[in-house]
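Colleague: Here's a sequence, model it:
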Amino acid sequence: MIFADGKGGKMEQVEKWCRVHKKACLVTGIMGLLLAPFLWPVFLAVIVQSLTIGLPIAAGICCYKYLNEKKENTNENEQKCHHAETKESAPGEVCEHAELSGSVPKSPDETRTEPVNTKEEPELISQETLLWYEKEGKERLAAIRKKAGYEKKTELAVNKDGICTVPEKNGYHRIGFFKGYAGRPRETLVKLLKNDGYTVRSSGTYLWISWK
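Modeller: Below is the predicted model of the structure:
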């Protein structure tokens, strides 16, 4: 009964207040309906303006925090790497990699390689020169000799690059070229040419070849 009486009293007060302020409520409602179309754009503009200003600020704060954290992590990694590079082993301490690999640095005397046997190199070069002469040099010399015969020449000079020249009144002129001649040992070539009946003599960097 007490709760019922209390509730009834409050309802009576509300009804009494509504009767007293009935006109004011009607006027306020009518004004709200009339002004609503004009006030909504204002409210929307305020919301949009708040978002326009607030979002860039919030994004800037987030970027600043992210970059700051990244910079701190980078500095920590650099410090760790620098510390690892500059760290020196204590006296008598053996590096872990050396213990695992079991290898000991060798002195220059221990790492010195054995001298290469060069006795076979001249023989190898001579064999290459022989093959070159048999496959190409002999045939090429025969062609140049034939060409020199047309000019009634019985000798020619070969320089270190394999260029063949014959003498004439005003000097020398080129008559041919020995491909692959450069770098061949002269002694071996002299022997091969003499075996084929040529007369050979050396004059400076030139090799003179003559025939009858």
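Colleague: alpha carbons only for contacts and neighbour counts from here, please
Modeller: Will do.
Colleague: now the chain, which segments are flagged as low pLDDT?
Modeller: Applying pLDDT under 70 to the chain flags the ranges 1-8, 75-125, 182-183.
Colleague: tell me what the lengthiest helix in the chain is packed against?
Modeller: Looking across the chain with DSSP state H, the single longest helix is helix 22-86. If contacts are counted by 3 or more Cα pairs under 8 Å, 6 or more residues apart in numbering; DSSP states H and E, helix 22-86 sits against no helix or strand.
Colleague: Can you spell out the domain ranges of the chain, please?
Modeller: Domain assignment for the chain by automatic domain parsing gives 7-65, 124-210.
Colleague: Burial-wise, tell me which of those comes out on top.
Modeller: Among these, judged by mean count of other Cα atoms under 10 Å, the one packed with the most neighbours on average is domain 124-210 (a mean of 15).
Colleague: What is the distance between that one and the centre of its chain?
Modeller: The chain centroid and the centroid of domain 124-210 are separated by 49 Å under Cα atoms, centre = their mean, to the nearest Å.
Colleague: for stretch 61-71, same thing?
Modeller: Counting by Cα atoms, centre = their mean, stretch 61-71 comes out at 32 Å from the chain centroid.
Colleague: May I have the beta-bridge partners of Glu168?
Modeller: For Glu168, the beta-bridge partners are Gly171 (DSSP bridges).
Colleague: quick one on the thing from earlier: rebuild the domains of the chain as JSON lines, extending it with distance to Asn73.
Modeller: JSON lines is the format used below for those (distance: least, Cα to Cα, whole Å):
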{"stretch": "domain 7-65", "distance to Asn73": "12"}
{"stretch": "domain 124-210", "distance to Asn73": "63"}
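Colleague: Quick check: which of those is nearest to Thr74?
Modeller: domain 7-65 (14.2 Å; Cα to Cα).
Colleague: Helix or strand: which one has the nearest residue to Arg174 once chain neighbours are set aside?
Modeller: Spatial nearest neighbour of Arg174, chain neighbours left out: Thr165 (4.2 Å); criterion: Cα to Cα, 6 or more residues apart in numbering. Thr165 belongs to strand 163-168 when elements are defined using DSSP states H and E.
Colleague: what residues does that strand touch?
Modeller: Residues from elsewhere that reach strand 163-168 (Cα atoms under 8 Å, 6 or more residues apart in numbering): 148, 153, 155-158, 172-178.
Colleague: okay, those residues in TSV with secondary structure and distance to Val190 next?
Modeller: TSV is the format used below for these (DSSP: H, G, I helix; E, B strand; the rest coil; distance: Cα to Cα, whole Å):
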residue	secondary structure	distance to Val190
Ala148	helix	20
Lys153	coil	20
Glu155	strand	15
Leu156	strand	14
Ala157	strand	13
Val158	strand	12
Tyr172	strand	22
His173	strand	23
Arg174	strand	21
Ile175	strand	20
Gly176	strand	19
Phe177	strand	17
Phe178	coil	15
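Colleague: Determine which two of the residues you listed are furthest apart.
Modeller: Counting by Cα to Cα, the most remote pair of the contacts of strand 163-168 is Lys153 and Phe178, 17.9 Å apart.
Colleague: My guess is Phe177 contacts Gly162. True?
Modeller: Yes. Taking Cα atoms under 8 Å as the definition, Phe177 is a contact partner of Gly162 at 5.6 Å.
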